[in-house]
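>>> quick one, structure for this:
(chains A and B)
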Amino acid sequence: MNTAAPLPAVTPNRRSTRARLRRDWPFLLMAAPAALLLLVFHYVPTLGNVIAFQDYNPFEGDNALEAFLASEWIGLENFFTLFDDPAFWDALRNTLAITLFQLVCFFPLPILLAILLHGIVSHRLRSFIQSVVYLPHFFSWVLVITFFVQMLGGAGLLSQALRERGFEPWDVMTNPHGFIVLVTAEAVWKDAGWGSIVFLAALSTIDPSLYEAAAVDGAARWARLWHITLPGLRPVIILLLILRLGDALSVGFEQYLLQRDAVGRQAAEVLDTFVYHQAIVPQEWGLGAAAGLFKALIGLVLLLLSNRLAHALGEQGVYSKS
Amino acid sequence: MTTRAIARSPITRSHRWRLQGSAVRPAWQEKPPFWAELAKGTILTLVVLLVLLPMWSILMTSLASRETLSLTGGMILVPRELDPSAYVTIFSGGQVTRALLVSFIVTVGGTAVSLVLTVLAAYGLSRPGTFGHRPLLFYFLLTFLIYPGLVPSYLVVTGVGLGGSLWSLILPNAVSVFNLVVVRSFFMGIPSELFDSARIDGASEWTVLVRIVLPLSRAVIAVVGLFYAVGYWNAYFNAVLYIDDNDLWPIQRVLQSYILAGQAPQLGGATISLPGLSAYPPTLAVKMAVVVVTILPALVIYPFVQRNFAKGMLVGAVKG
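Prediction:
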């Protein structure tokens, strides 16, 4: 049977393309359905971004393809409209502010949590706490925000307790000024525990004999943390920082969409919700594609830049040149 | 005997993580001072409470009676009685029952579709050196770098005629390349001697996948299956985009309309009168009961799959 032929690792001599194809077609066939779905729902829409340069009109033809072929090319017109729109700059500013704020106030928390968890001696206690803090990661944003509304909203537990004690109720959920803190708190509640997994994994790869040797040489607890633990975490921290930086223009979508009406557009509009409200709802397709393309391009540039930064710092980064 | 030892090795390797570090403080480590222990204990207790307390409060409110709720004026922490009428109401037909059914169908169907596609593709990509391996792998991984925006995706999904159908909640996100990479790197960790011996015995690739690879990969498939299932169960925005008919709304969409958009729950036509149950449970209790049933599936599956996190996740996380 030809499928019983040994793999290339076993036979170093090269085979003809046809023979390889005959031997390997089952692998190709297995990957085909997933590849096809990605083609339809990932690559075709990616190419479809060219409607950013069109005055795309879905009513030009019977289907999206005909409409695309019939629509007028207008060059950079959509981009000019976009950059003239103050709401776009509001959204961009909100997005960057939230990213920056979360980089400072969210990013270190999973690291701290992982170090705390790693220091728990009792195994059972540690896995109990881990189970609890991972859990909110599996809740939808609708649920997370529901939780926050029921705890901190106008009719929530906090306002209720304040009212009972004769204070003014305090509705955190509709206050545009503290919005950046609120969304960060929500993100922390949902994902800080889950985020600690990767740091815990990194911590467990640090050789315990390093700690032992350091302790024998007289390094105290903090010295060991500074000179062994943190350097051990450094590659992971840098990798995640790069990924976050490359994703600086995405701060999550459903979270903001769900709260935009409660706190108002001025504070809660981010780039992704801008596209939804300024393009999909009023059916300004070309404009929305332009905003999406702008975001994707900036994201790609940021990722490449931060990856280069990682190489400069002597770390591996997301990908290397090989 | 040897085959079995080899077969176990990829799992024992990742097992090490869980077993590492015994439950005893190592001899060289000094005992931390009392205040440090106290601070650590307080922080961890607070963290645990922050997660559990809201869940507790919502559960208790969902089980509260009209009298209790009007007495306390809202959410409660300490139950006075347990009144299940809110649950009876939401399960006796109406929008919530229907939405739960829709979410259940999408979750089970979608997870099955996703797992089949992901496992097949991961196995297809697990052998470097096969025909077209490098370009094909690049094709999959490139999706991390470039992604379509919202508008073209919307136009394609509606353009291929999925708008308004439950397939629009499944197919566009059926393949997660991240999950695929996790499964693939697990497959690549299985020693090739196992395949080679089967292949010499005349087994086809399909047989190898079904008879050898899958039985060894239960842990990673359980974890990836959980990720997919959670994704489908939690899907909200796709329903906003593609499903206008509110008979086809999944539970998250319904929950959003009740709690965040403040609509009154539409419940089943027939009110049930059972002894000891109020016919019209308070709206807040009904809303909180919807929250509880929305969380419930995750809570039920979670402990079973959680054991496999270390086994399944880590292989992907460390390598990737």
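
>>> all strands of the stretch 101-250 of chain B, in order?
If you assign secondary structure with DSSP state E, counting those that start in this stretch, the stretch 101-250 of chain B ends up with no strands.

>>> just the helices in it please.
Ranges of helices in the stretch 101-250 of chain B, per DSSP state H, counting those that start in this stretch, are B:133-145, B:150-159, B:177-189, B:192-200, B:205-207, B:214-216, B:218-234, B:237-242.

>>> compare the mean pLDDT across those and name the weakest.
With a mean of 82, helix B:192-200 has the lowest mean pLDDT of these.

>>> from the structure, what's the count of residues near residue B:176?
Counted with other CB atoms under 10 Å in any protein chain shown, the neighbours of residue B:176 add up to 18. Every residue, glycine included, has its C-beta placed from N, CA and C.

>>> on that earlier part again, and of the helices of the stretch 101-250 of chain B, who's closest to residue A:129?
Of all the helices of the stretch 101-250 of chain B, it is helix B:218-234 that lies closest to residue A:129, at 20.0 Å by CB to CB.

>>> can you list contacts of that closest one?
When contacts are defined by CB atoms under 8 Å, 6 or more residues apart in numbering or on different chains, helix B:218-234 is touched by residues A:138-143, B:11, B:103, B:106-107, B:110-111, B:114-115, B:118-119, B:169-170, B:173, B:176, B:179, B:182-183, B:186, B:214, B:251-252, B:297-298, B:301-302, B:304-305, B:308-309, B:311-313, B:315-316.

>>> just the pLDDT for the closest residue to chain A within the stretch 101-250 of chain B.
Nearest to chain A in the stretch 101-250 of chain B, going by CB to the nearest CB, is residue B:149, at a distance of 2.2 Å. We note a pLDDT of 85 for residue B:149 in this prediction.

>>> contacting residues around it?
The neighbourhood of residue B:149, defined by CB under 8 Å, 6+ apart, consists of A:45, A:49, A:275, A:288-289, A:291-293, A:295-296.

>>> ramachandran angles for it?
Dihedral angles phi and psi of residue B:149 (degrees, to the nearest 10) take the values phi -80, psi -180.

>>> what does residue A:55 give?
Per degrees, to the nearest 10, the backbone of residue A:55 is at phi -90, psi 70.

>>> so what's residue 61 up against?
As the question left the chain open, I've gone with chain A. Each residue near residue A:61 by CB under 8 Å, 6+ apart is listed here: A:67-70.

>>> correction: the question concerned chain B.
Shown in contact with residue B:61 (CB under 8 Å, 6+ apart): A:150, B:69, B:74-76, B:284-285, B:288.

>>> again, 7 Å this time
Listed by CB atoms under 7 Å, 6 or more residues apart in numbering or on different chains, the contact set of residue B:61 reads B:75-76, B:284-285, B:288.

>>> which of these fall within helices?
Counting by DSSP state H, the part of the contacts of residue B:61 found in helices is B:284-285, B:288.

>>> of those, closest to residue A:112?
After measuring the ones in helices among the contacts of residue B:61 against residue A:112 - CB to CB - the closest member comes out as residue B:288, at 32.7 Å.

>>> residues near the closest one, how many?
Residue neighbour count, defined by other CB under 10 Å, stands at 25 for residue B:288.

>>> ok, it to chain A distance?
In this structure, residue B:288 and chain A are 8 Å apart, going by CB to the nearest CB, to the nearest Å.

>>> ok, that residue touching residue B:62?
Yes - the pair formed by residue B:288 and residue B:62 meets the contact definition of CB atoms under 7 Å, at 3.7 Å.

>>> returning to what we had before: for the contacts of residue B:149, which one is nearest chain B?
So of the contacts of residue B:149, ranked by how close each gets to chain B (CB to the nearest CB), first place is residue A:292, at 2.2 Å.
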